[in-house]
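Asker: What shape does this take:
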Amino acid sequence: MNGEQHDTNRPEYAGAPPPRESYGVPVNRPVARKSPALATTLSLFPGLGQIYVGYYQQGFIHAAIVATTITILAGGAGIFTPLLGVSLAFFWLFNLIDANRRALHFNRIADGFGGEEVPDDIALPGARGSVLGGTILAAMGLLIFLDLNFGISLEWLEDWWPLALVGMGVWMILKARRKD
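Answerer: Next comes the predicted model:
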């Protein structure tokens, strides 16, 4: 084009004119921003603000912590009631602040402010699985399946469920030691 002739005998042209040069400006689509106010408001239900920003695992962990604490308090925590009550209030407020902070960091990174040091625990969410989460879901599904289809009672869980917490704690310790 532009007054230049092209050699139509060359196989790449095969009788057709060569493709034109692109003069368009490459378009960088902006990453959708996350509203810190909405993230905070959604976190009135613990974990939902983190899920909104994209931190699914963190959100479900927050929801599980609050649900477990409320369940323990509802069942009668004895001398631990004040400790769990204050811890629940603290964690609930922390959850609100954390969702807001994560949305702000998400927006700064999305806007290209790469000079900011982002804490390790707040890196942009990735699409990765969780061995622990997958194991827990599979075990829960298996237990419910056995109860529904084969009549295997789940009453034993009432006394033995704390061992699941012990197992998760040991797994987390081992995982942390492998990193070091």
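
Asker: for the one helix or strand F94 maps to, what is the average pLDDT?
Answerer: Take DSSP states H and E as the rule and F94 turns out to sit in helix 81-110. Averaged over helix 81-110, pLDDT sits at 90.

Asker: before we move on, what about stretch 42-58?
Answerer: 91.

Asker: For it, buried residues please.
Answerer: Within stretch 42-58, the residues that count as buried by 16 or more other Cβ atoms under 10 Å are 42-43, 46-58. For the C-beta atoms, the positions are set from N, CA and C on the backbone; glycine is no exception.

Asker: by contact count, what packs against the helix holding F94?
Answerer: Counting contacts by 3 or more Cβ pairs under 8 Å, 6 or more residues apart in numbering; DSSP states H and E, helix 81-110 packs against helix 36-42, helix 48-53, helix 56-74.

Asker: Off-centre distance for that helix?
Answerer: 14 Å (Cα atoms, centre = their mean, to the nearest Å).

Asker: do stretch 106-115 as well
Answerer: With Cα atoms, centre = their mean, you get 19 Å for stretch 106-115.

Asker: Provide the contact partners of stretch 39-53 at residue level.
Answerer: Residues outside stretch 39-53 that contact it (Cβ atoms under 8 Å, 6 or more residues apart in numbering): 34, 38, 56, 58-66, 91-92, 95-100, 102-103, 106, 125.

Asker: How about stretch 136-156?
Answerer: By Cβ under 8 Å, 6+ apart, stretch 136-156 touches 157, 164, 168.

Asker: Now flag whichever of those is closest to I79.
Answerer: Nearest to I79, judged by Cβ to Cβ, of these is A164 at 23.1 Å.

Asker: quick one: that closest one from P82, how far?
Answerer: 25 Å (Cβ to Cβ, to the nearest Å).

Asker: cool, A64 as well?
Answerer: 22 Å.

Asker: ok, these two, which is more surrounded?
Answerer: A64 (14 against 9; other Cβ atoms under 10 Å).

Asker: how would you label G76: helix, strand or coil?
Answerer: coil (DSSP: H, G, I helix; E, B strand; the rest coil).

Asker: got a pLDDT number for it?
Answerer: 84.
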